[in-house]
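*Asks:* pasting the structure only:
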């Protein structure tokens, strides 16, 4: 019996080792993708933990009103900062693989430096313009919002360059370099700076919190730039640089439309809620969104890992390889997202309580908001597939229609139902967007992009 038990244990251990080798080892495309996506997901989970901790601490240290103002301003930074790079951070995953495949090294070298200078200069000019708009509108703004908005304008150029560098790093499979500065180092610095301000006796209002956030964004971006330049110097041979700004923009601007409408769709609920409800209610809703962020991270991980490979396989004309890779990406987006949603809903009340006892009132909103996230995960990162294969315009149209629907539904539902209405509007819009994208991919590419059903 002992010998039989030992043999059984050895067999179980061998199977577990085989499973781990399948997940973590191997050089196949599926194994590499799972490892890279796993790396991104772990970084985003750690980031979520830090962000969650920072939001909990800020909510407790600042109070409901100041925290609501900070959330409102930071949402604008996230929204505008993600749009002001012309879509370069996303198009880099198309442009860089194509230059490498075609051997256009001069253009590749030019893009690696020129894209960052271009986004920095233009975002700086736009930030000055936005600061002027804040000044012009200041008589109609709350007194506590004006200075934080100015600081938000100061933050934008660094935020934009960091996004551009993220896209460049991901195109070389340097996932940690692309994501760690933005999602780990930046969050840690925000916690450290705000805790330091509190320890020094400063009143931790929205202004001080935004100053801490601005400093964190700039420091993380500069550190990332130094390391990225060193990596590129050892990876790309020195030589002549060629700049095709018009060509880059021709690829990037349609992708920017897609990214912009997606971001607007993501942030419309918070921005509309701020117009019709109190800052305290905005804070509660934001806590709900942060709690469900883990589901979005899975989608983000697969999108960040697969986009440049979609472009590469398309450039090589390998449709069979592309189709199999798309199916793999969808499967590894949906099922983990569904599992994460179930866990988060089960633990929702204690997680919200960490923000403060008053935040538990948002628990039932979580169920409404989760619907849209799960539905969207069922088709995986198909928006990146469309962008990488040259169907940016139709993808942008789908997002635009979903965005318009979200705005209309938010304006109708938020004044009466508050956070519940915002969550319902967003979930309905995400469901509509998912159906549109599924139909577009089916018609344009002939691919079945649902995680289940007949292929």
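*Replies:* Happy to help now that I have it. Predicted, not measured: the structure shown is a model, and the values here were computed from it. Numbering: from 1, shown residues only.
*Asks:* For the rest of this, base every contact and every neighbour count on C-alpha atoms.
*Replies:* Will do.
*Asks:* Going along the chain, name the helices of the stretch 101-250 of the chain.
*Replies:* 105-137, 146-171, 175-180, 186-199, 206-235, 245-276 (DSSP state H, counting those that start in this stretch).
*Asks:* Of the ones you listed, which stretch is the most buried?
*Replies:* Highest mean neighbour count of those: helix 146-171, a mean of 25 (counted as mean count of other Cα atoms under 10 Å).
*Asks:* Correct me if wrong: residue 258 contacts residue 388.
*Replies:* No. If you go by Cα atoms under 8 Å, residue 258 and residue 388 don't touch, sitting 11.8 Å apart.
*Asks:* Could you list the buried residues of stretch 338-355?
*Replies:* For stretch 338-355, burial by neighbour count (16 or more other Cα atoms under 10 Å) applies to 338, 340-341, 344-345, 348-349, 351-355.
*Asks:* can you redo the helices of the stretch 101-250 of the chain as TSV with mean pLDDT and distance to residue 432?
*Replies:* Formatted as TSV, the helices of the stretch 101-250 of the chain follow (pLDDT from 0 to 100; distance: least, Cα to Cα, whole Å):
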stretch	mean pLDDT	distance to residue 432
helix 105-137	92	32
helix 146-171	91	28
helix 175-180	83	30
helix 186-199	89	33
helix 206-235	92	35
helix 245-276	81	12
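*Asks:* between the ones you listed, which one is nearest to residue 395?
*Replies:* Comparing the helices of the stretch 101-250 of the chain by their distance to residue 395 (Cα to Cα), the top pick is helix 245-276, with 6.3 Å.
*Asks:* Tell me which two of the buried residues of stretch 338-355 sit farthest apart.
*Replies:* Once Cα to Cα is applied, those give 338 and 355 as the farthest pair, at 24.6 Å.
*Asks:* on that earlier part again, need the helices of the stretch 101-250 of the chain in JSON lines (columns: distance to residue 436).
*Replies:* What follows is the helices of the stretch 101-250 of the chain, written out as JSON lines (distance: least, Cα to Cα, whole Å):
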{"stretch": "helix 105-137", "distance to residue 436": "31"}
{"stretch": "helix 146-171", "distance to residue 436": "26"}
{"stretch": "helix 175-180", "distance to residue 436": "30"}
{"stretch": "helix 186-199", "distance to residue 436": "35"}
{"stretch": "helix 206-235", "distance to residue 436": "36"}
{"stretch": "helix 245-276", "distance to residue 436": "14"}
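*Asks:* between those helices, which one is nearest to residue 431?
*Replies:* It's helix 245-276; of the helices of the stretch 101-250 of the chain, that one is closest to residue 431 (Cα to Cα) at 12.0 Å.
*Asks:* what does the following helix or strand past that closest one rub up against?
*Replies:* Helices and strands here follow DSSP states H and E; after helix 245-276, the next one along the chain is helix 279-291. Counting contacts by Cα atoms under 8 Å, 6 or more residues apart in numbering, the residues outside helix 279-291 that touch it are 48, 52, 55, 59, 64-69, 71, 270, 273-274, 344, 348, 351-352, 355, 358-359, 361-363, 365-366, 369, 418-419.
*Asks:* Repeat the analysis, applying 7 Å as the threshold.
*Replies:* Where contact means Cα atoms under 7 Å, 6 or more residues apart in numbering, the residues beyond helix 279-291 that reach it are 52, 64-65, 67-69, 270, 273-274, 352, 359, 362, 366, 419.
*Asks:* what do you get for stretch 239-247?
*Replies:* 106-107, 109-111, 114.
*Asks:* Likewise for stretch 332-343?
*Replies:* Contacts of stretch 332-343 (Cα under 7 Å, 6+ apart): 295, 298-299, 302, 370, 374, 377-378, 380, 451.
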